[in-house]
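Chemist: 3D model of this:
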Amino acid sequence: MAMEINVLLVDDEVIDLEWLRRRVAGSDRLPLHNVRTATSGFAALKIMEQHPIDIILSDIGMPIMSGVEFVRKAKEINPEVHILFISGHQDFNYAKEAIQLNAYSYLLKPVDDDELNETLTELCTKIEKERKQHISLSETLTLVNQELLLRWFNEAAPGQVEMHIHNVLTPYLQGASAVAIIEIDDMARRIQTWTEEERSSWSSSANQFIRKFAQDQNLGMVITAYDYRFVILAAVQEQYFIALLEELLRAFYQEFSCSITIGRGMYTTDPVKLHDSYRQAQAALSIKWIVGKNRLIQDASEWHPKEKIASDLEVIVDRMLKAMLEYDLTTVDDCLLQLFAGDSPLSQKNDIYDIIIRITSKLHADLQQMNEHLYEILNWDSHQPFVLFQFETVHDILSWLRRRFFELSERLYLKRQRQKRKLIDEITEYVKERLDQKITLNEVAAHFDFTPNYLGHLFKVETNSLFSDFLSELRMKRVCELLEDPTKKVYEIAEQAGYKNIIYFNRQFKQYMGMSPGEYRKKNKI
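Modeler: Residues are numbered from 1 along each chain as shown. All right, here's what the predicted structure looks like:
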């Protein structure tokens, strides 16, 4: 932003004053913002009471109120104003008084244009340097004050408010203020793959965005804290503060595709209670883990835990495992949600980690009975599940568990389907090799170490037929293959297919094929 310097010209001689105004205001080499004029010290003092003035160019020998008297009073209004005297009198006493008033220079009428421009240029340069030094000092003092304020907020029992803290807080407490704490969500996971330079750049951008938003909206003081947190000291009324914080939530996500969560404390005009407001903001932010992120949390004291650990965990996990094996994802999700709807309040992260270990340990034990290994399937280290500690909310953890358990269900289902298909193929080969013998479901079940009921159910599910029908179909296919050989007698074929009674064989073949063995050969020209 360009330097703005305000000048006040004072001279009781109207012609001289106009000459001076034209030369000062008409210069394109000076960073002058406003050039005001006054024909007396009294009028000049009124201007100074109404407008900021950086430089005074005043005639030193004015009537009634001399330039010296005027400057003394002007210094009372603005001790930092720079003085430049102009006079037609070559009098040492005037010069001496000018020195006593710390005047920057003393010019004699008629003033040379080049001398005037040179003097004003030097004075503007001096003012610019002073302003930069003041800004640098102010910024340093501001950072120091913010650090002191942050330390004060984090004291457990601050006691009496120290004067320097009180001075920082006073402008905010005149109309009541509150503390809000902003936390950028999911940064632990987000920065894992970032370089140090990328982290620094992103943090700087986020910092600048929040500060600019606060400045543009007159939101209040922003203090950079730690772990991607910011503290805001409100400078607006409560209803506007809430609305602006909600707007900041939306604006930040739109800018960075990353959410923030804000905890807010109470409004107060008491410095000690403002410390309590900070504690309330911390407490509100701490329940983000339960109520969710990307929101403004205003009062943790009104929150009551809804998520709870189920008391019948083993029963629910059994039902969930059965649903996994059947690839019933709806029931898997229902069970997962039910695990957090019991009687014991779930308000600490350790509660969640404990229940997850209990769930996965039971699943692992149950799957081991089926020759399955949970942690190998999920590619997850059971002893060091660090991934869980990266999540910031219960919702995040449940979403992660849901994805992993759905994945587990799909893998278990596909694996069991392949195993079932392989088993059916093995049983089929076993039966084919013994078709010339008497075969029963009990015998086959015993050979493959299953109960007859389970094997019968498996065949019904996998082949959509009873085992007896499956066996009859295999026998009839064998009979049809053997009938292709015209040298074989029908009774020989019946024996080789496991039929000891020729009459029963003929009845079965006709029922299956719709014709006798002889008609089958005749039809197929065998």
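
Chemist: State the mean pLDDT of stretch 145-163.
Modeler: The average pLDDT within stretch 145-163 is 77.

Chemist: could you dump it to PDB, C-alpha only?
Modeler: These are the backbone C-alpha positions of stretch 145-163, laid out as PDB (Å, rounded to 0.1, in the frame of the first residue of the first chain):
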ATOM      1  CA  ASN A 145       1.500 -10.300  23.500                       C
ATOM      2  CA  GLN A 146      -0.100 -13.200  21.600                       C
ATOM      3  CA  GLU A 147       2.400 -15.600  23.000                       C
ATOM      4  CA  LEU A 148       1.900 -14.300  26.500                       C
ATOM      5  CA  LEU A 149      -1.800 -14.400  26.100                       C
ATOM      6  CA  LEU A 150      -1.600 -18.000  24.800                       C
ATOM      7  CA  ARG A 151       0.500 -19.000  27.800                       C
ATOM      8  CA  TRP A 152      -2.000 -17.300  30.100                       C
ATOM      9  CA  PHE A 153      -4.900 -19.200  28.500                       C
ATOM     10  CA  ASN A 154      -3.100 -22.500  29.100                       C
ATOM     11  CA  GLU A 155      -2.400 -21.900  32.700                       C
ATOM     12  CA  ALA A 156      -4.500 -24.200  34.900                       C
ATOM     13  CA  ALA A 157      -5.300 -21.400  37.500                       C
ATOM     14  CA  PRO A 158      -4.200 -18.000  36.300                       C
ATOM     15  CA  GLY A 159      -5.100 -16.100  39.500                       C
ATOM     16  CA  GLN A 160      -4.900 -12.400  39.300                       C
ATOM     17  CA  VAL A 161      -4.600 -11.100  35.800                       C
ATOM     18  CA  GLU A 162      -1.300  -9.400  35.200                       C
ATOM     19  CA  MET A 163      -1.300  -5.800  33.900                       C
END
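
Chemist: so how far is stretch 321-337 from its chain's centroid?
Modeler: Centroid separation between stretch 321-337 and its chain, computed with C-alpha atoms, centre = their mean, to the nearest Å, is 30 Å.

Chemist: which residues make contact with that stretch from outside it?
Modeler: Outside stretch 321-337, the residues that touch it by C-beta atoms under 8 Å, 6 or more residues apart in numbering are 316-317, 319-320, 363, 366-367, 398, 401-402, 405-406, 408-410, 412-413, 416. Any C-beta I mention is one placed from the backbone N, CA and C, and that applies to glycine too.

Chemist: avg pLDDT for that stretch?
Modeler: Per-region confidence: stretch 321-337 scores 86 on mean pLDDT.

Chemist: Name the next helix or strand following the helix or strand harbouring residue 290 along the chain.
Modeler: Element membership for residue 290, per DSSP states H and E: helix 288-291. Note on helix 288-291: by DSSP H and E, the next helix or strand toward the C-terminus is strand 296-297.

Chemist: Where is the longest helix in this protein?
Modeler: Taking DSSP state H as the criterion, the chain has its longest helix at helix 113-153.

Chemist: That helix packs against which elements?
Modeler: Judged by 3 or more C-beta pairs under 8 Å, 6 or more residues apart in numbering; DSSP states H and E, helix 113-153 is in contact with helix 14-25, strand 55-59, strand 82-87, strand 105-108, helix 163-173, strand 220-224, strand 229-234, helix 271-286.

Chemist: Can you say which of those is packed in most?
Modeler: strand 55-59 (a mean of 25; mean count of other C-beta atoms under 10 Å).

Chemist: Give me the contact list for that strand.
Modeler: With contact meaning C-beta under 8 Å, 6+ apart, strand 55-59 is reached by 5-13, 16, 20, 24, 41, 44, 67, 70-71, 74, 81-87, 120, 123, 127.

Chemist: ok and it relative to helix 113-153, angle-wise?
Modeler: Angle of strand 55-59 versus helix 113-153, following axes from the mean of the first three to the mean of the last three C-alpha atoms, to 10 degrees, is 140 degrees.

Chemist: Compute the inter-axis angle for strand 55-59 and strand 82-87.
Modeler: With the same axes, to 10 degrees as the basis, strand 55-59 and strand 82-87 are set at 20 degrees to each other.

Chemist: Neighbours of residue 339, how many?
Modeler: 24 (other C-beta atoms under 10 Å).

Chemist: can I assume residue 88 is in contact with residue 60?
Modeler: No - counting by C-beta atoms under 8 Å, residue 88 does not reach residue 60; the two are 9.2 Å apart.

Chemist: When those two are compared, which one has more neighbours?
Modeler: Set side by side, residue 88 and residue 60 give different neighbour counts by other C-beta under 10 Å, the larger being at residue 60 (26 against 14).

Chemist: Is it correct that that one is in contact with residue 84?
Modeler: No - using C-beta under 8 Å, residue 60 makes no contact with residue 84, being 10.3 Å away.

Chemist: which SSE is residue 215 in?
Modeler: Per DSSP H and E: residue 215 is located in helix 196-216.

Chemist: Going by neighbour count, list what's buried in that helix.
Modeler: Neighbour counts over helix 196-216 (16 or more other C-beta atoms under 10 Å) mark 202, 206, 210, 213, 214 as buried.

Chemist: What is the nearest of these to residue 473?
Modeler: Set against residue 473, the nearest of the buried residues of helix 196-216 by C-beta to C-beta is residue 202 (67.6 Å).

Chemist: Wait, the closest one touches residue 187, no?
Modeler: No - counting by C-beta under 8 Å, residue 202 does not reach residue 187; the two are 9.1 Å apart.

Chemist: Which secondary structure state does residue 103 sit in?
Modeler: coil (DSSP: H, G, I helix; E, B strand; the rest coil).

Chemist: how far away is the residue nearest to it when sequence neighbours are not counted from residue 13?
Modeler: Using C-beta to C-beta, 6 or more residues apart in numbering and skipping the chain neighbours, the partner closest in space to residue 103 is residue 83 (4.2 Å). Counting by C-beta to C-beta, to the nearest Å, the gap from residue 83 to residue 13 is 19 Å.

Chemist: Can you verify residue 183 is assigned to a strand?
Modeler: Yes - under three-state DSSP, residue 183 falls within a strand.

Chemist: If I look at it, what pLDDT would I see?
Modeler: Here, the pLDDT recorded for residue 183 equals 93.

Chemist: Wait, it touches residue 261, no?
Modeler: Yes - between residue 183 and residue 261 there is a contact under C-beta under 8 Å: 5.3 Å.

Chemist: Which one's more surrounded, these two?
Modeler: residue 261 (23 against 19).

Chemist: Hmm, residue 180 is touching residue 278, no?
Modeler: No - taking contacts as C-beta under 8 Å, residue 180 lies outside contact range of residue 278: 9.3 Å.
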